[in-house]
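>>> Okay, here's the prediction I keep looking at, along with the sequence it came from:
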Amino acid sequence: MKIEDVRKKAKKLGINCGKMKKTELILSIQKAEGNTPCFGKSNGECQYTNCCFMEDCLKVPCYSAV
């Protein structure tokens with residue numbers, strides 16, 4: 001998903017994007033939607049197959065910061 005699309009989704013949820021990086025923004029979106037904030041923590045596997053961020057998530061190296 002392109003960063004522009006992530007920002008649009010965040011704005012619809014009332015999240016102030018500011019200077020957030022894509023990973024931080026997606027984690028904020030996941031929290032706001034009531035989902036597990038797990039983007040970038042999949043380590044190549046994910047149980048949330050209906051997540052719109054899954055494709056990008058599986059591509060990034062494991063992100064350990066919250």
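Cool, got the structure. Numbers count the residues shown, from 1 in each chain.
>>> what's the spacing between the nearest residue to Cys46 once chain neighbours are set aside and Asn35?
With C-beta to C-beta, 6 or more residues apart in numbering as the criterion, Cys46 has its nearest non-adjacent residue at 5.6 Å, and that residue is Met54. C-betas here are computed from N, CA, C, even on glycine. When C-beta to C-beta, to the nearest Å is applied, the distance between Met54 and Asn35 equals 12 Å.
>>> so what sits against both of these two?
With contacts defined as C-beta atoms under 8 Å, 6 or more residues apart in numbering, the residues shared by Met54 and Asn35 are Tyr48.
>>> Can you list the buried residues in the strand or helix carrying Cys57?
Using DSSP states H and E, Cys57 sits within helix 54-59. Neighbour-count burial for helix 54-59 flags 56-57 (criterion: 16 or more other C-beta atoms under 10 Å).
>>> Stretch 43-63 too?
Neighbour-count burial for stretch 43-63, counted by 16+ other C-beta under 10 Å, picks out 46, 51, 53, 56-57, 63.
>>> low-confidence ranges in this protein?
Low-confidence segments of the chain (pLDDT under 70): 62-66.
>>> Go again with 50.
Applying pLDDT under 50 to the chain flags residues 65-66.
>>> Report the central residue of this structure.
Within the chain, one residue has its C-alpha closest to the average C-alpha position: by C-alpha atoms, centre = their mean, that is Ile26, at 2.4 Å.
>>> Can you tell me the SS state at that residue?
Here Ile26 is recorded as helix under DSSP: H, G, I helix; E, B strand; the rest coil.
>>> What residues does it make contact with?
Under the criterion of C-beta under 8 Å, 6+ apart, the contact list for Ile26 reads 6, 39-40, 53, 56.
>>> and of those, the nearest to Lys31?
Comparing these against Lys31 with C-beta to C-beta places Phe39 closest, at 10.3 Å.
>>> quick one: the helices in this protein?
For the chain, helices defined by DSSP state H occupy the ranges 3-12, 22-32, 54-59.
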